[in-house]
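>>> Can you look at this prediction? I've put the sequence above it.
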Amino acid sequence: MPLLGPPPQLGDLIEFSRPLYQHWGIYVGDGYVVHLTDQEGWSSVSSAVGGFAVVRKDRLDRVANGCTYRVNNKFDQKRSPFPPEKVVRAALDLVGETMAYSVTSANCEHFVTELRYGAGISEQVENAVLYTAVGGGLLAAALATFAFVTTRNKRQNQ
């Protein structure tokens with residue numbers, strides 16, 4: 001199981017690197033994480049289709065499923081995290097609950113940041129919106145340039 005960095009402590013955010021996205025959980029001790037996921041407990045991607053996900057407590061190595069993972073309490077410098085015991089208790093109290101799931105507003109990263117900081121934040125969503133906007137802008141500029149050059153060439157050939 002490829003852990004990058006220091007071992008997790010109670011209440012830590014755990015980031016699992018998946019192809020094309022990251023999955024998130026809260027470390028609750030004894031090798032377990034609580035996470036918002038599909039029924040099988042490996043991913044939240046299939047939850048996007050149904051609009052619902054389940055809060056599960058699973059072995060960290062089972063959730064990693066061979067992927068790398070790391071402690072990533074990325075907002076600790078910007079926000080005060082709740083005490084670890086409070087984070088763990090809140091996470092464990094939700095195990096078994098079915099929750100609404102939305103890639104853009106209620107995903108696994110929103111779930112864990114809400115538990116740790118009291119605010120559901122997802123940089124994956126913010127980054128995807130930014131990359132889409134930049135990519136769309138670049139595409140629009142390229143199309144406008146192509147249209148301009150094509151029109152100019154047609155006029156010159158007439």
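Cool, the structure landed. The shown structure was predicted, so the numbers you read here are calculated from the model rather than taken from an experiment. Numbers count the residues shown, from 1 in each chain.
>>> what's the burial count for residue 20?
Neighbour count for residue 20, taken as other C-beta atoms under 10 Å: 5. Just so you know, the C-beta spots here come from the backbone N, C-alpha and C atoms, and that holds for glycine as well.
>>> could you check the distance from it over to residue 89?
33 Å (C-beta to C-beta, to the nearest Å).
>>> what bits of this protein have low per-residue confidence?
Along the chain, segments meeting pLDDT under 70 span 1, 39-50, 124-158.
>>> Do you have the strands of this structure handy? List them.
3-4, 13-18, 21-29, 32-37, 52-59, 69-71, 98-100 (DSSP state E).
>>> Adding distance to residue 85 and mean neighbour count, write those strands out as JSON lines.
Output for those, formatted as JSON lines (distance: least, C-beta to C-beta, whole Å; neighbours: other C-beta atoms under 10 Å):
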{"stretch": "strand 3-4", "distance to residue 85": "23", "mean neighbour count": "13"}
{"stretch": "strand 13-18", "distance to residue 85": "16", "mean neighbour count": "20"}
{"stretch": "strand 21-29", "distance to residue 85": "10", "mean neighbour count": "23"}
{"stretch": "strand 32-37", "distance to residue 85": "14", "mean neighbour count": "26"}
{"stretch": "strand 52-59", "distance to residue 85": "16", "mean neighbour count": "19"}
{"stretch": "strand 69-71", "distance to residue 85": "17", "mean neighbour count": "20"}
{"stretch": "strand 98-100", "distance to residue 85": "23", "mean neighbour count": "11"}
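>>> what's the closest of those to residue 122?
Smallest distance to residue 122 across the strands of the chain (C-beta to C-beta): 8.7 Å, for strand 21-29.
>>> Sheet-wise, list the partners of the closest one with their directions.
Paired strands of strand 21-29, with direction, are strand 13-18 (antiparallel), strand 32-37 (antiparallel) (DSSP bridges).
>>> Kindly reformat those strands as a markdown table and extend each row with distance to residue 105.
As requested, the strands paired with strand 21-29 are exported to a markdown table (distance: least, C-beta to C-beta, whole Å):
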| stretch | distance to residue 105 |
| --- | --- |
| strand 13-18 | 18 |
| strand 32-37 | 13 |
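>>> and of those, who's closest to residue 120?
Using C-beta to C-beta, the nearest of the strands paired with strand 21-29 to residue 120 is strand 32-37, at 10.7 Å.
>>> No more questions from me, cheers.
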